[in-house]
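*Asks:* just a sequence and a predicted model for now, questions to come.
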Amino acid sequence: MSDPMRIPRPTRLPAALTAALLAVPVAAVPAATPAAAAPPPAAAAPPPVAAAPTLAVARNAPVRPPYHVVRPGQTLRSVAKVYGVGWKVIAAWNGLRRPYTVHVDDVLRLNRQPGGPLPAFRTRVERVTPQMVNWNPALRCPIWPVSLRRVWVFYVDFAGNRRIGSIIMHRLHVTRTQRIFRELYQRRFRVQAMAPASVNLPGGTDYSAITSGWECRRVSGSNVWSQHAYGTAIDLNPVQNPMIKRGVVTPSTGRGYVGRSRYGIGMVHAAGAVPVFTGNGFPWGGRWRTMKDYMHFAVEDR
Ligand SMILES: [Zn+2]
């Protein structure tokens, strides 16, 4: 294993070879075993006087889950207190540095990252061929593959592992897309899956779970091209951030996420991950009045 974290530099290699190069480091990332990495705190039962308590675990602390999603008003210290773990320990587990700022929707590991802290964010951009985007001329899509780019990024999956994924975007929005995914990564915000599905969702059949950008399609129930058909929109964690239109939840697997007062993994909130997008020029479909599209961030706000 020379350098499993290496993402290939921008390259003129054929797509198949590039994909093969990328597949290697992704497959080499060890799966997290949070249960094995985190010794169960001895807090649930009354601690006997003679017991040797784990130094970092306070009495009466709740049983520690593998991660915590930051809620409004919480700080690294207040989260640490909830679980009876030193805040510096949590900072180390998550690779946080001064000033140890955390944001709503950030995800904090509550155990050590197997293999050490996550590597620094990396990204690169690739031109696409019609084949790479399954181009279908019969659809008469509003923009052509020559205007599209595949943006490769590091992301953190729901198990807390670093993965390499890609998203197809209009070439004019590549830089802001890279900024968005850099910020999400630095916040340890978790993304369920990105393309290529064969690598990041092996054996999976529910592609509605994939975070994606360009797609040549119309707005559901109309003739108008979706912003996705222009490569100017991103759908983030569709299951955890579904669209609700006339009472219909899409994808249907997102029905458990219609209530937005929860702070579950992968969910976005106005006070949390949403500003990562709006601050980079992508307004949020969760602010719309007639319908809600919590997964949807689009340059033209529609
Ligand atoms: Zn969308």
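*Replies:* Perfect, I can see it now. Numbering: from 1, shown residues only.
*Asks:* residue contacts, the residue in the stretch 101-250 of the chain that the ion sits nearest to?
*Replies:* Closest residue of the stretch 101-250 of the chain to the ion, CB to the ion: residue 235 (4.1 Å). (Each C-beta comes from the backbone N, C-alpha and C, glycine too.) Residues in contact with residue 235 (CB atoms under 8 Å, 6 or more residues apart in numbering) are 211-213, 228, 295-297.
*Asks:* how many neighbours does the residue nearest to it when sequence neighbours are not counted have?
*Replies:* Closest residue to residue 235 apart from its sequence neighbours, by CB to CB, 6 or more residues apart in numbering: residue 295 at 4.4 Å. Neighbour count for residue 295, taken as other CB atoms under 10 Å: 28.
*Asks:* ok, now residue 93?
*Replies:* 20.
*Asks:* excluding chain neighbours, what is closest to it?
*Replies:* Spatial nearest neighbour of residue 93, chain neighbours left out: residue 109 (4.8 Å); criterion: CB to CB, 6+ apart.
*Asks:* tell me the contacts of the one you found?
*Replies:* 34, 66-67, 90, 93-94, 160, 188.
*Asks:* give me the neighbour count for the residue in the chain that the ion sits nearest to.
*Replies:* Residue of the chain nearest the ion, by CB to the ion: residue 296 (3.5 Å). Using other CB under 10 Å, residue 296 has 25 other residues around it.
*Asks:* correct me if wrong: it contacts residue 283.
*Replies:* No. Residue 296 is beyond contact range of residue 283, at 9.3 Å (criterion: CB atoms under 8 Å).
*Asks:* may I have the strand or helix carrying residue 185 as CSV, with CA atoms only?
*Replies:* Assigned by DSSP states H and E, residue 185 falls within helix 174-186. In CSV, the C-alpha atoms belonging to helix 174-186 read as follows (Å, rounded to 0.1, in the frame of the first residue of the first chain):
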residue,chain,number,x,y,z
VAL,A,174,-17.0,23.7,-11.0
THR,A,175,-15.0,25.9,-8.6
ARG,A,176,-18.0,26.7,-6.3
THR,A,177,-18.9,23.0,-6.3
GLN,A,178,-15.4,22.2,-5.2
ARG,A,179,-15.6,24.8,-2.4
ILE,A,180,-19.0,23.3,-1.2
PHE,A,181,-17.6,19.8,-1.0
ARG,A,182,-14.4,21.0,0.7
GLU,A,183,-16.5,22.8,3.4
LEU,A,184,-18.7,19.8,3.9
TYR,A,185,-15.7,17.6,4.3
GLN,A,186,-14.0,19.9,6.7
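*Asks:* same question for whatever helix or strand comes next after that helix, mean pLDDT?
*Replies:* Beyond helix 174-186 in the direction of the C-terminus, DSSP H and E gives the next helix or strand as strand 193-194. Averaged across strand 193-194, the pLDDT comes to 98.
*Asks:* need the pLDDT of the nearest residue to residue 208 once chain neighbours are set aside.
*Replies:* Closest residue to residue 208 apart from its sequence neighbours, by CB to CB, 6+ apart: residue 251 at 3.7 Å. pLDDT for residue 251: 97.
*Asks:* so residue 251 touches residue 237, yeah?
*Replies:* No. Using CB under 8 Å, residue 251 is not in contact with residue 237, being 10.8 Å away.
*Asks:* overlap in contacts, the two.
*Replies:* In contact with both residue 251 and residue 237: residue 209, using CB under 8 Å, 6+ apart.
*Asks:* who has more neighbours out of the two?
*Replies:* Comparing residue 251 with residue 237 by other CB under 10 Å, the one with more neighbours is residue 237, at 26 against 15.
*Asks:* spit out the contact partners of the spatially most central residue of the chain.
*Replies:* Of all residues in the chain, the one closest to the mean position by CA atoms, centre = their mean is residue 191, 2.1 Å from it. By CB under 8 Å, 6+ apart, the contact set of residue 191 is 155-158, 165, 184, 211, 236-237, 266.
*Asks:* mind listing the strands for the stretch 101-250 of the chain?
*Replies:* Per DSSP state E, counting those that start in this stretch, the stretch 101-250 of the chain carries strands over the ranges 107-109, 123-127, 148-156, 162-170, 193-194, 210-211, 233-235, 243-245, 248-250.
*Asks:* turn these into JSON lines, columns for distance to residue 287.
*Replies:* Formatted as JSON lines, these follow (distance: least, CB to CB, whole Å):
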{"stretch": "strand 107-109", "distance to residue 287": "23"}
{"stretch": "strand 123-127", "distance to residue 287": "27"}
{"stretch": "strand 148-156", "distance to residue 287": "24"}
{"stretch": "strand 162-170", "distance to residue 287": "21"}
{"stretch": "strand 193-194", "distance to residue 287": "24"}
{"stretch": "strand 210-211", "distance to residue 287": "19"}
{"stretch": "strand 233-235", "distance to residue 287": "14"}
{"stretch": "strand 243-245", "distance to residue 287": "13"}
{"stretch": "strand 248-250", "distance to residue 287": "18"}
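*Asks:* fine by me, thanks again.
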